[in-house]
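A.B. asks: Provided below for reference: sequence and predicted model.
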Amino acid sequence: GNSVTQMEGPVTLSEEAFLTINCTYTATGYPSLFWYVQYPGEGLQLLLKATKADDKGSNKGFEATYRKETTSFHLEKGSVQVSDSAVYFCARQRGVYNQGGKLIFGQGTELSVKP
Amino acid sequence: NAGVTQTPKFRVLKTGQSMTLLCAQDMNHEYMYWYRQDPGMGLRLIHYSVGEGTTAKGEVPDGYNVSRLKKQNFLLGLESAAPSQTSVYFCASSYSGSGNEQFFGPGTRLTVL
């Protein structure tokens, strides 16, 4: 089965609300972890990443911390904007060692931010 | 620098028809990937390549073939399309090495009737 699990969407928030999208993973060792974002009608683009335990990735006001104790990589943002409406994907490197750079993706969480 | 491009953007096929999706990248990346995206299932890897002339199977390779004759191009073929192959297809590329970002193309929406 899929070894990356995200909270189900859609998530609907008002502008300036606090956002958390949960992501947990199963893995042997400590693979690199990623959050990708997909805006409507576009391909995925990297939002942030963390390559080792306790690292914090951050970009555009979003943050996620690599927590090996809870095998989690939750995405947070303090104040969302309408322009953050998109689908967010959590992903992990397929193997601890380089195996062709393959990623395993969660199922995606749709975020809708209302004015 | 166009990044990763895909052609075509949209296509409708009848069951049994064949087609080829083209992916091109201008970043000199070693690794390239083909994914399909279906509702509620995230992205699933079809095939990938770790260098020119090499290909390997991903999670869902059945019904697809690929070729990487040139480093910058990665082709995905459907020999005999089936309705179950209706999906959005994404190509991606990355530098070699672990932990590296994958860069995605804009996608191809394929419908098989």
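C.D. replies: In hand now; what should we look at? Numbers count the residues shown, from 1 in each chain, chains lettered A, B, ... in the order given.
A.B. asks: quick one: low-confidence parts of chain A?
C.D. replies: A:1-2, A:95-100 (pLDDT under 70).
A.B. asks: So which bits of it are right by chain B?
C.D. replies: Residues of chain A lying close to chain B by Cβ under 8 Å from any Cβ of the partner chain are A:2, A:4, A:32, A:34, A:36, A:41-46, A:49, A:51, A:89, A:93, A:96-98, A:100-103, A:105-108. C-beta: built from backbone N, CA, C; applies to glycine.
A.B. asks: Show the buried residues in these.
C.D. replies: Buried residues within the residues of chain A next to chain B, defined by neighbour count using 16 or more other Cβ atoms under 10 Å in any protein chain shown: A:4, A:32, A:34, A:36, A:43-44, A:46, A:49, A:51, A:89, A:93, A:98, A:100-103, A:105-108.
A.B. asks: Out of these, list just those in strands.
C.D. replies: A:V4, A:F34, A:Y36, A:L44, A:L46, A:K49, A:F89, A:Q93, A:L103, A:F105 (DSSP state E).
A.B. asks: will you turn these into JSON lines that also has distance to B:E30?
C.D. replies: Shown next, in JSON lines, are these (distance: Cβ to Cβ, whole Å):
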{"residue": "A:V4", "distance to B:E30": "24"}
{"residue": "A:F34", "distance to B:E30": "19"}
{"residue": "A:Y36", "distance to B:E30": "20"}
{"residue": "A:L44", "distance to B:E30": "20"}
{"residue": "A:L46", "distance to B:E30": "18"}
{"residue": "A:K49", "distance to B:E30": "19"}
{"residue": "A:F89", "distance to B:E30": "23"}
{"residue": "A:Q93", "distance to B:E30": "16"}
{"residue": "A:L103", "distance to B:E30": "15"}
{"residue": "A:F105", "distance to B:E30": "21"}
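A.B. asks: wait, isn't B:V88 in contact with B:T108?
C.D. replies: Yes. Here B:V88 reaches B:T108: they are 7.0 Å apart, a contact under Cβ atoms under 8 Å.
A.B. asks: Which residues of chain B lie near chain A?
C.D. replies: B:4, B:31, B:33, B:40-45, B:48, B:50, B:56, B:58, B:90, B:92, B:94-107.
A.B. asks: redo that, cut-off 6 Å
C.D. replies: Residues of chain B lying near chain A by Cβ under 6 Å from any Cβ of the partner chain: B:31, B:40, B:42-43, B:48, B:50, B:90, B:94, B:97-101, B:104-107.
A.B. asks: Could you check how far the most centrally placed residue in chain B is from B:G40?
C.D. replies: Centroid-nearest residue in chain B: B:W34, 2.8 Å away (criterion: Cα atoms, centre = their mean). In this view, B:W34 and B:G40 are 20 Å apart by Cβ to Cβ, to the nearest Å.
A.B. asks: Next: A:C23.
C.D. replies: Relative to B:G40, and taking Cβ to Cβ, A:C23 is found at 16 Å.
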